[in-house]
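What follows is a predicted structure for the sequence shown.
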Amino acid sequence: MSDLHIRLHKNILWLILNRDPLNPLTAEMLSALNGALRKATGQAPHLIVITGTSERAFCAGVDLPDDTEEHRAQLLREARETCALFEELRACGIPTVALVKGSAYGAGCELAALCDTVIAREDALFRLPSVNAKVFPSATAIYLPAAIGQENTSRLMRSGETLNAREAMRLGLAHQVLSTRRFLSDTEELLVMLSARS
């Protein structure tokens, strides 16, 4: 079973992290994600949605099998490529959405921040990476400061504070919060609207 499900449906490309229960990122997952994003720049879907299979987590960080320097370097190489591909998608006018259920911690929070729109279920939790655990360079240098301000970015990276969905929306980290009960139907409605806009 692949750690990343890739599905094109109604011109919406779904990239679904599939490492239950917490969907931590590995270098291999990022490589697969990068392959799908690279292909999308040529196929030009109306919308790209990144989410997780788990109810507990969108993505709760990274998984380094043995935490060697080599594995970490490989993960960071793939993460830099991910950042470059998000820039390409923007240049091609292909919008991206992070659909967040449960925890978006560390690298998961950074990955969500790379997306143009973050839609959170009301039980979602966000935690920025600590200063020495950053994975996606442009997320912490550009996108998080642009969304929530440099002061908040620095403070939250230092404190390790966890934000609930409403707090994340108030700060500008999430753009929409949907109720758990109506999450599927409301999400579908929003994605159709965003897809039509593109």
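The structure has been received and is ready for your questions.

Run through who's touching the lowest-mean-pLDDT helix or strand in the chain.
Ranking every helix and strand in the chain by mean pLDDT, DSSP states H and E puts helix 183-197 at the bottom, with a mean of 88. Identification of contacts with helix 183-197 by C-beta atoms under 8 Å, 6 or more residues apart in numbering yields 10-12, 46-47, 49, 95, 97, 99, 101, 117, 119, 121, 176, 178-179. Quick note: C-beta positions are derived from backbone N, CA and C, even for glycine.

Look up how far V192 lies from I12.
From I12 across to V192, the span is 9 Å (C-beta to C-beta, to the nearest Å).

just to revisit the earlier point, could you check how far the least confident helix or strand of the chain is from the centre of its chain?
Taking C-alpha atoms, centre = their mean, to the nearest Å, the mean C-alpha location of helix 183-197 is offset from the chain mean by 17 Å.

thinking again about what came up before, could you check which of I12 and V192 has the larger neighbour count?
Neighbours per residue (other C-beta atoms under 10 Å) separate I12 from V192, with I12 holding more: 18 against 14.

was I right about that one contacting H46?
Yes - with contact defined as C-beta atoms under 8 Å, I12 and H46 form a contacting pair (6.3 Å).

Residue ranges in this protein under the pLDDT threshold?
1, 67, 198 (pLDDT under 70).

That one: helices as residue ranges?
With DSSP state H as the criterion, the chain has helices at 27-43, 69-91, 107-114, 137-138, 144-148, 150-159, 165-171, 183-197.

that older thread, now, the contacts of helix 183-197 that are in strands?
Mapping those onto strands (DSSP state E) picks out I12, L47, V49, V97, L99, T117, I119, R121, Q176, L178.

most neighbours, which of these?
Within the ones in strands among the contacts of helix 183-197, I119 tops the neighbour count with 26 neighbours, counted by other C-beta under 10 Å.
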